[in-house]
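What follows is a predicted protein model with its sequence.
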Amino acid sequence: MIKAKPKPIGEIINDIKGFEKVLIAGCNGCVTVCEAGGVKEVEILAAALRMYFTKEGMRKEIDETSLTRQCDKEYLQELQDRMDGYDAVVSLACGVGVQFLAEMYTAKPVFPGVDTCFMGVTEEQGHWTERCQGCGQCILSTTGGICPIARCAKRMLNGPCGGSENGKCEISILVGRDVPCGWHLIFERLKTLGQLDRFRYPSDDKDWTLSRDGGPREIIKEDSRQ
Amino acid sequence: MNTTTPSKLEKILAAGHYAVTSECGPPRDGRSNIVEHKAGMIKDHVDAINVTDNQTAVVRQCSLAACIKLRLLGLEPVLQMVTRDRNRIALQSDLLGATSFGIHNVLCLTGDHQRFGDHPSSANVFDMDSTRLIQTVKLMRDDGMLLSGFEMKEGRPEMFIGAAENPFADPFEIRVFRLAKKVAAGAQFIQTQCIYNMAKFKLWMQGVCDMGLHEQVAVLAGLTPMKNVGMAKYMKNRVPGIDVPDEIIKRLAGVPKEKQAEEGIQICLEQIEELKQVQGVRGFHIMAIEWEEKVPEIVERAGLFPRPSVN
Amino acid sequence: MRLNYPANLRIIKVPCSGRVASIHLLKSLEEGADGVLVAGCLEGDCHYQSGNLRAKKRVAYVRRILEDIGIEPDRVVMYNLSAGMGPRFAEIAREMTEKIRELGPVPRAGASAGRPAERVPAGSHNVEEVAA
C-alpha cells in the first residue's frame, strides 16, 4: 500500500493558523495501516492542535472525521453537507487523497497532514519499507520477484554495482541504516530458483515513457466505464 | 590481433605489450591549466590517461572538456562516463562531441551514488547503467546508429570500449558473470578497482580465464599506492568496495611515518611484479590520486619504461 | 498501608499500563489535568509480557508531541514499580505533584508555558494518575 508518515506538527500549525474552523479528515485506507492518518492519528493531531491554539489564546474549532478512502468520489461526497461549516481542511490521506478532496471542494483550502513516501510493505508493525516505484512495466518475472527499480539505489538493470558489500547497498554508510543491495537479493533469489543464467546476458532496455518520466499517466478500462 | 579503432591503447594491447594507464582528476573550478599540468607529469610514462567524471559525485570540470584539452595537446585520453548524471540523450551527445575531437577511448561506468558527493540532494538520472552504455557505444561504433535507430552516415564514434569491474565487491560468485555480461555487451578492456587483496584478485582472474574471457577482453589491474597508514585505514573503512587486508595496514603501521610513503610504493611495485605472473593480466591502471608525481617513478621501477610506440 | 499521598491525584486503574493509548495521555491534559503519571510494572515483570514497554514508548511519543507544541514534556511521565511498593508509590505521587506545582497549570487561554506556581491558588493543580 501507500506508506506515509505524519508531517511535523509545526508545518500544520503554520498552515491553519489563519483559519478558525478546521476539519481534520483522516483516511481508513493506506494511511491507517501505516499509522499516519487514520482515526487514531486524527484524534491525536486534533487534540494536540487544540492544546496548542488554546495555549496561544487563539480561538479555533478543530473537528475530527475519517473517511473510508479519499481516493474515491463516493466517500468524499459524504463530506458535502458539512463542508460549509469549515474554513479549511487538513487531510491526513496520502497525497492522492489530499488532491482528490481538494478537487471536489475547490473553494476550501486543503492542507496535507502527512508526507507521502512510497509504495511498500509492512515488515513488522512500525516498520515499513519501499517495494515499488510504479515504473509502468513490471519486470519482476526476470528478477526472481525482486524489483531492481525500487530496491536498487541506482535502478540498475544489470546490477549489482561495484559498491555492493556484504549484501548492503553502498549508501548504507551514508544513511546510517542497512539498506539491502537489491541486486544481491536478486542474485540470492535467482540462485534459489536455479535461474542464475539470467545474469549472463544484458537485460532489455527500459522504456521510461511508461513511468513518471513520460508525464502524468492514466489507465482506462473501457468495459468498466459507464 | 586486429584493432577496431585508431586507439593507441588498443594498438599497444594488440601488439602484445603490457598497457599502462593512469588518471587525472579535473579541478573543482574552471582553471584551464590543472589537467594539462597533471597530464604533463605522467604523459611519457603511460599509454592513455583517464579523466574521471565527477568522481564520487563531487562536481568537477566535466570529463569531456578535460579530454578535449588532452587531445588537443596530442595526448591519448580515456573519457570516463558515468550514467548517474546524464540520460541517454546527453550521453550519446557527449560521445558524438568526443568523436568530433578524435577521442578514441571510453570507460563506461554507472557511478557512485550522488549521496556521496557534494550535492546529495540532487535528483539522479540512471536512465541506463554501465552495461547499457557499453551496448550504446558499440551500437554507435559498429552499426553507426543511435539508440533511436537514427543512422549516422558519417562521424561515427571510433571508440575502444572499456568498463570497470570490482573483483572485491559482493557477491563474489557473480563477479565473473558480470564481466561476462559486459564482454557480451561489447567491453574490450577492463580497469579493475584497486587491488590489495592479491589472493582474491587471483581467484577472480582464475574464474575469468576459466570462462575464456581473458581472450576477449584485456584486463588492466588497478593499483593505488598508499601514502600512509591513515589512507589505508580510510580506504578500508570508509570507501565501499575496497578490500584492504590487515597485513597491508600492519605493514604500513610498522614503519615510521616518514618512511610510510616509500613502503606504500614498495607494496605497489611488489604487486606489479606478482601481477605480471597472473594469466590474463594485460596491463596496469595506476590511480595515484593527488599523488600523480609518483606515477613516473612507479612505472620506471616496475620496468615498464620507456613505453612502446605504435603507429 | 494508609500512607499519605497528595489529594489532587486522580487514579485511573487499568489492567496493564499497555492499555493506555497516546490519546488518553493527550486528552487528559486537554480536558483539565496538569500532568499525567503512568505507573507500570517493573520492566521484565509485565504480566502481559511487554505492555509496560509499549506504555514507555507511548509516553515518549506524547512527550515529543508536547515539546513540538510548546508544552513541557515533563507533564507526562512514566514510573515503574511493583504492586507491593506502597511507599514508593507515595513517594512518586509526591514527586510528581511537586514537579507539576513548579510547572504551573497547563497554559490555557493566552498564557504561555511556565507561569509561576504562586499565582495559582493551591489545590487547583490536577495530576491524573493512570495506575496499573
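Cool, got the structure.

Got phi/psi on residue 128?
Unless you meant another one, I'm taking chain A. With angles defined as degrees, to the nearest 10, A:Trp128 sits at phi -120, psi 140.

My question was about chain B, not that one.
Here is the backbone geometry of B:Met128 (degrees, to the nearest 10): phi -130, psi 170.

Need the nearest residue in space to it, chain neighbours excluded.
By the measure of CB to CB, 6 or more residues apart in numbering or on different chains, the closest residue to B:Met128 outside its immediate chain neighbours is B:Thr83, 4.9 Å from it. Just so you know, the C-beta spots here come from the backbone N, C-alpha and C atoms, and that holds for glycine as well.

In terms of secondary structure, what does the helix or strand hosting B:Glu23 contact?
Taking DSSP states H and E as the criterion, B:Glu23 maps to strand B:19-24. If you count contacts as 3 or more CB pairs under 8 Å, 6 or more residues apart in numbering or on different chains; DSSP states H and E, strand B:19-24 packs onto helix B:8-14, helix B:34-42, strand B:48-51, strand B:218-223, strand B:281-286.

okay if I get the ones you listed as CSV plus mean neighbour count?
Supplementary listing: the helices and strands packed on strand B:19-24 in CSV, determined by neighbours: other CB atoms under 10 Å in any protein chain shown:
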stretch, mean neighbour count
helix B:8-14, 23
helix B:34-42, 19
strand B:48-51, 26
strand B:218-223, 25
strand B:281-286, 25
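
sorry, back to before: tell me the average confidence for the strand holding B:Glu23?
For strand B:19-24, mean pLDDT is 96.

Show me what that strand is in contact with.
B:9, B:12-13, B:35, B:38-39, B:42, B:45-52, B:66, B:70, B:78, B:80, B:189, B:191, B:218, B:220, B:282-289, B:292, B:295, B:299, B:304, B:307 (CB atoms under 8 Å, 6 or more residues apart in numbering or on different chains).

now swap in stretch A:136-148 and tell me
A:131-133, A:149, A:155-157, A:159, A:182-183, A:185-186, A:189-190, A:192-193, A:195, A:198, A:203, A:206-207, A:210-211, A:214, A:217.

and it, how far from the chain's centre?
Centroid separation for stretch A:136-148 versus its chain: 20 Å, with CA atoms, centre = their mean, to the nearest Å.

likewise stretch B:142-152?
The answer for stretch B:142-152 is 26 Å, by CA atoms, centre = their mean.

Nearest residue to A:Arg69 in space, please, no chain neighbours.
Using CB to CB, 6+ apart and skipping residues adjacent in sequence, the residue nearest A:Arg69 is A:Gly29, 4.4 Å away.

which residues touch A:Ala46?
By CB under 8 Å, 6+ apart, the contact set of A:Ala46 is A:Ile24, A:Ile62, A:Asp63, A:Glu64.

need the contact list for the closest residue to chain B within chain C.
The nearest approach of chain C to chain B comes at C:Asp68, 24.5 Å away (CB to the nearest CB). The contact partners of C:Asp68, taken as CB under 8 Å, 6+ apart, are A:Pro8, A:Ile9, A:Gly10, A:Ala48.

lowest average confidence, helix or strand, in chain B?
helix B:229-238 (a mean of 90; mean pLDDT, DSSP states H and E).

Sort out which of the contacts of stretch A:136-148 are in helices and list them.
Counted as lying in helices by DSSP state H, out of the contacts of stretch A:136-148, are A:Ile149, A:Gly182, A:Trp183, A:Leu185, A:Ile186, A:Arg189, A:Leu190, A:Thr192, A:Leu193.

Out of the residues you listed, which two sit at the greatest distance?
Spanning the widest gap among these are A:Ile149 and A:Thr192, at 21.3 Å by CB to CB.

now the helices: where do they sit in chain A?
Under DSSP H, chain A gives helices at A:9-16, A:30-33, A:39-55, A:73-76, A:95-104, A:148-151, A:172-175, A:182-193.

Kindly present those helices as TSV, with separate columns for mean pLDDT.
Shown next, in TSV, are the helices of chain A (pLDDT from 0 to 100):
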stretch	mean pLDDT
helix A:9-16	98
helix A:30-33	97
helix A:39-55	97
helix A:73-76	97
helix A:95-104	98
helix A:148-151	98
helix A:172-175	93
helix A:182-193	95
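
Of all the ones you listed, which one is nearest C:Lys13?
Nearest to C:Lys13, of all these, is helix A:39-55, at 22.6 Å by CB to CB.

Pull that closest one out as CSV, backbone CA atoms only.
Provided in CSV are the C-alpha atoms of helix A:39-55 (Å, rounded to 0.1, in the frame of the first residue of the first chain):
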residue,chain,number,x,y,z
VAL,A,39,-8.8,7.6,13.1
LYS,A,40,-6.2,7.4,15.9
GLU,A,41,-3.9,9.8,14.3
VAL,A,42,-6.7,12.2,13.6
GLU,A,43,-7.6,12.2,17.3
ILE,A,44,-4.1,12.7,18.4
LEU,A,45,-3.4,15.5,15.9
ALA,A,46,-6.7,17.3,16.7
ALA,A,47,-6.0,17.1,20.5
ALA,A,48,-2.5,18.4,20.1
LEU,A,49,-3.7,21.3,17.8
ARG,A,50,-6.4,22.3,20.2
MET,A,51,-4.0,22.3,23.1
TYR,A,52,-1.6,24.4,21.1
PHE,A,53,-4.1,27.0,20.0
THR,A,54,-5.7,27.2,23.4
LYS,A,55,-2.3,27.9,24.9
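
elements contacting the host helix or strand of B:Leu95?
Assigned by DSSP H and E, B:Leu95 belongs to helix B:88-100. Applying 3+ CB pairs under 8 Å, 6+ apart, we find helix B:88-100 packed against helix B:63-72, strand B:77-82, helix B:130-142.

any chance of those in TSV, plus distance to chain C?
What follows is those, written out as TSV (distance: least, CB to the nearest CB, whole Å):
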stretch	distance to chain C
helix B:63-72	47
strand B:77-82	41
helix B:130-142	44
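
Packed most tightly, which of the ones you listed would that be?
strand B:77-82 (a mean of 26; mean count of other CB atoms under 10 Å in any protein chain shown).

host element of the closest residue to chain C within chain B?
Across chain B, the shortest distance to chain C (CB to the nearest CB) belongs to B:Ser121, at 24.5 Å. Under the criterion DSSP H and E, no helix or strand holds B:Ser121.

and the helices and strands packed on helix B:88-100 as JSON lines, adding mean pLDDT?
Shown next, in JSON lines, are these (pLDDT from 0 to 100):
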{"stretch": "helix B:63-72", "mean pLDDT": "97"}
{"stretch": "strand B:77-82", "mean pLDDT": "98"}
{"stretch": "helix B:130-142", "mean pLDDT": "98"}
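
Spell out whether stretch B:283-291 and chain A are in contact.
No. Judged by CB under 8 Å from any CB of the partner chain, stretch B:283-291 stays clear of chain A, getting no closer than 13.7 Å.
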